[in-house]
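# Got a sequence here, can you build the structure:
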Amino acid sequence: MEDSLDLLRPLMASHDPHLDALIVPSEDYHQSEYVSTRDKRREFVSGFTGSAGLALVTSSEARLWTDGRYFLQATQQLSDRWKLMRIGEDPALEIWISENLPADATIAVDPWCVSVDTAQRWERAFEKKQQRLIQLSRNLVDEVWKSRPPPEINPVIVQPLEFAGCSVAEKLKNLRDKLFQEEARGIIITALDEVAWLYNVRGNDVSYCPVVHAFAIVTSESAFFYVDMKKISAEVESHLRENGIEVRDYGAVNSDVLLLASNELNSTIKGTQTKQLNDEKCGAMEIDLNKTGDGQAGRKDHDLIWVDPASCCYALYSKLNSSQVLLQQSPLALAKALKNPVEIDGLRKAHIRDGAAVVQFLVWLDKQMQEIYGASGYFLDREGGIHGKKHSKTTKLSEVSVSDKLESFRASKERFKGLSFPTISSVGPNAAVIHYQPESSTCSELDPDSIYLFDSGAQYQDGTTDITRTVHFGKPSAHEKACYTAVLKGHIALDTARFPNGTNGHALDILARVPLWNMGLDYRHGTGHGIGSYLNVHEGPHLISFRPHARNVALQASMTVTDEPGYYEDGNFGIRLENVLVVKDAGTEFNFGDKGYLSFEHITWAPYQKKLLNLSLLAPNEIEWLNSYHSECRDFLAPFLDDAEMEWLKEATEPIAVN
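Next up is the predicted model:
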């Protein structure tokens, strides 16, 4: 089989102009983190399957940049024709190019697959040596990818108000208010989850993410939905039309952005919804003018077009006059992150059902490990009675088979729609691969003498879940216990934090790391990310991380965020513990600075394995937290468990004595 590098390089050499380098991003036309199978161009070129990475192909070199979550995985997956570039340790792509490629070099990228801010950052770096970023008119990877999967036609569905909690009319009104405040007459929306959230629709175009491949344009007078028409049923079209939204073909966004730029984009829908919103907007403009007492002085041009530089592709931005563009984070990012009461209620309920599925899985797995492998089990801290021997020569458990079993427990729950990401089901050394994905042909068999880590989640129509637990069914070592306890201490420290309004996730990240730092240990990933309401499992704009961009957005009440510190020892084991939290008012006794103070509410329910704890390393308040959490687990999950499962949970959550 011919290597993709050998197919790409002749196309680069024959291109006019000649290409010195080709950049192949991970992203699709919407800058998505997770992409459909046909959009996995970087994976096709490099063989690296992680969700984050950037490939660079020159006439003589091939390099792949990825972050700390994937260093070990990339080392295992890249052939010897590729060199791994570790983000944060090695020079960034644009710096490497500016330093290593000749002056006047031409570097190409598909402008649909790169964001505005990334492309502009590259261009600034390339200017130093008069290097040029070329926007390809055709994607060279697509030309050599002969077995590229065809587009899937999956229907768009309406997310009912009983789960969305806010009508499309209200969301459009709020968005148009934002446009008016920023003197913009329109916005191009490219992030798939923002389009889905704004129009209260969902889809199945990207595995694990209930989104549809679509763009949206909203102006002060109209709204458009760009999608493959074959995905639109009469019901969906009616839902959109009732809200003044015109459906147009996916490819029409290309020409419509040009019309938007020249202020010639008009909708054929002139319904009462649109008229009502226009009347409200005109009234707002009149009020604004009257405030000044001078119509001319108060008049605003309102001629800007809002583009999110992190999510809008360079191809669409390039069709606009840069002087008329407002390059600013989409107002929908924060609006979507601030969950309404209906969404929060749905998330709480979804996490309870999900927690029941996780407990049922642990009960099943505990029994299987004892019966098949003679393991001592979830509760006993000793080697198995028939250590190293199976009860059955034909039966075994693999990382994939137990992952499938976990999915089956989730699938039995109300409103289940699928998984929210590929389950990380990992034993022993595989658990040290932070985003490990087991495959049936190569995955490991479960081992009673090794740690087992599973990071998993589900999509329910009323909420998205994400949970990680780490367990051991044999006798964990003192070192494993110490590491697990340090991770739990950091997990509790973040969960119990209280902080003033205006605090960002960069400031809080340290809380989860200090217990590990005290041992000289750490982890290479962020500590928390937002989570969607039956949407993407990773949701911004906020996060809890050591990375500088975690400073950009303060945490606010009604946001969701995960709490997931970990520790990974290459070649040995990995540990991670994860709950989903909701930010809420703290109700502190005092209110210094009149800022208001915030805290967290955990909504994930599944026990922590006491056998993996070194209790001497836990403070009394940490033991009290654990006992309280376990008591709530019993209360919340009892209605969903049978008698045997409940007995197991009672033992797993039995209080620890506080000395």
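
# Quick check: the gap between residue 111 and residue 91.
24 Å (CB to CB, to the nearest Å). Yep, even glycine has a C-beta here, placed from its N, CA and C like the rest.

# between those two, which one's more packed in?
Per other CB atoms under 10 Å, whichever of residue 111 and residue 91 has more neighbours is residue 111, with 22 against 14.

# quick one: pLDDT of the more buried one?
On pLDDT, residue 111 comes in at 98.

# roughly how far apart are it and residue 312?
11 Å.

# Just give the closest residue to the residue nearest in space to the middle of the chain, not the sequence neighbours.
Residue closest to the mean C-alpha point of the chain, counted by CA atoms, centre = their mean, is residue 538 at 1.9 Å. Nearest residue to residue 538, sequence neighbours excluded (CB to CB, 6 or more residues apart in numbering): residue 529, at 4.9 Å.

# Surely that neighbour touches residue 547?
No. Look at residue 529 against residue 547 with CB atoms under 8 Å: they stay out of range, at 11.4 Å.

# what about these two, which has more around it?
Set residue 529 next to residue 547 and count neighbours by other CB under 10 Å: residue 529 wins out with 23 against 15.

# Which SSE is immediately downstream of the helix or strand encompassing residue 480?
In the assignment (DSSP states H and E), residue 480 maps to helix 478-495. On the C-terminal side of helix 478-495, the closest following helix or strand by DSSP H and E is strand 499-500.

# could you give the angle of the helix or strand just after that next one to helix 478-495?
Sequence-wise, the next helix or strand downstream of strand 499-500 (DSSP H and E) is helix 505-517. Relative orientation of helix 505-517 versus helix 478-495 (axes from the mean of the first three to the mean of the last three CA atoms, to 10 degrees): 150 degrees.

# in helix 505-517, what's buried?
505-509, 511-513, 515-516 (16 or more other CB atoms under 10 Å).

# Check stretch 15-31 too.
Within stretch 15-31, judged by 16+ other CB under 10 Å, the buried ones are 15, 19-31.

# Which pair in these has the greatest spatial separation?
20 and 30 (28.3 Å; CB to CB).

# residues contacting the residue nearest to residue 538?
538-540, 543-544, 561-562 (CB atoms under 8 Å, 6 or more residues apart in numbering).

# which of those tops the neighbour count?
Of the contacts of residue 529, with other CB under 10 Å as the count, residue 544 tops at 28 neighbours.

# List phi and psi for it.
Dihedral pair for residue 544: phi -110, psi 110, per degrees, to the nearest 10.

# per-residue confidence at it?
You'll see residue 544 listed with a pLDDT of 98.

# and the gap between it and residue 499?
Counting by CB to CB, the gap from residue 544 to residue 499 is 11 Å.

# intersection of neighbour lists for the two?
residue 508.

# just to revisit the earlier point, tell me which of the buried residues of stretch 15-31 fall in helices.
When DSSP state H is applied, the buried residues of stretch 15-31 are split such that none fall in helices.

# Residue 600: which of those is nearest?
residue 31 (29.2 Å).

# quick one: the closest one and residue 50, what's the gap?
On the measure of CB to CB, residue 31 and residue 50 end up 17 Å apart.

# how about the helices of the stretch 501-650 of the chain, start to end?
505-517, 620-637, 643-652 (DSSP state H, counting those that start in this stretch).

# Let me have these in a markdown table, extended by mean pLDDT and distance to residue 146.
Below are these laid out as a markdown table (pLDDT from 0 to 100; distance: least, CB to CB, whole Å):
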| stretch | mean pLDDT | distance to residue 146 |
| --- | --- | --- |
| helix 505-517 | 98 | 44 |
| helix 620-637 | 98 | 50 |
| helix 643-652 | 98 | 50 |
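
# Of all those, which one comes closest to residue 383?
helix 643-652 (20.1 Å).

# Which strands and helices lie in contact with the closest one?
helix 341-373, helix 620-637 (3 or more CB pairs under 8 Å, 6 or more residues apart in numbering; DSSP states H and E).

# residues in contact with it?
359-360, 362-363, 366, 378-379, 607, 609-610, 630, 633-634, 637-638, 641.

# now do stretch 110-129
23, 25, 27-29, 31, 41, 93-95, 97-98, 101-105, 107, 109, 132-133, 135-136, 139, 141, 307, 309-315, 317-318, 327.

# of these, buried ones?
Among those, those classed as buried by 16+ other CB under 10 Å are 23, 25, 27-29, 31, 41, 93-94, 97-98, 101, 105, 107, 109, 133, 136, 139, 141, 307, 309-315, 317, 327.

# So for residue 545, what's the nearest residue that isn't a sequence neighbour?
Nearest one to residue 545, counting by CB to CB, 6+ apart, is residue 526 at 3.3 Å.

# want to try a markdown table for the contacts of residue 529, with distance to residue 653 as columns?
Listed next are those as a markdown table, based on distance: CB to CB, whole Å:
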| residue | distance to residue 653 |
| --- | --- |
| 538 | 30 |
| 539 | 30 |
| 540 | 34 |
| 543 | 30 |
| 544 | 27 |
| 561 | 25 |
| 562 | 22 |
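
# Show me those residues that map onto strands.
In this view, the contacts of residue 529 that belong to strands under DSSP state E are 539-540, 543-544, 561-562.

# pretty sure residue 521 is touching residue 482, no?
No. Taking CB under 8 Å as the definition, residue 521 is not a contact partner of residue 482, at 9.4 Å.

# what's around the closest residue in space to residue 515 that isn't next to it in sequence, how many residues?
Computed as CB to CB, 6+ apart, the closest residue to residue 515 that is not its neighbour in sequence is residue 489, at 3.9 Å. Residue 489 is flanked by 20 other residues according to other CB under 10 Å.

# Next: the one 3 residues further on.
Residue 492 has 25 neighbouring residues, counting by other CB under 10 Å.

# Ok, residue 161 next?
Neighbours of residue 161 using other CB under 10 Å come to 12.

# how close does it get to residue 71?
45 Å.

# ends of stretch 86-101, how far apart?
End-to-end distance for stretch 86-101: 19 Å, by CA to CA, to the nearest Å.
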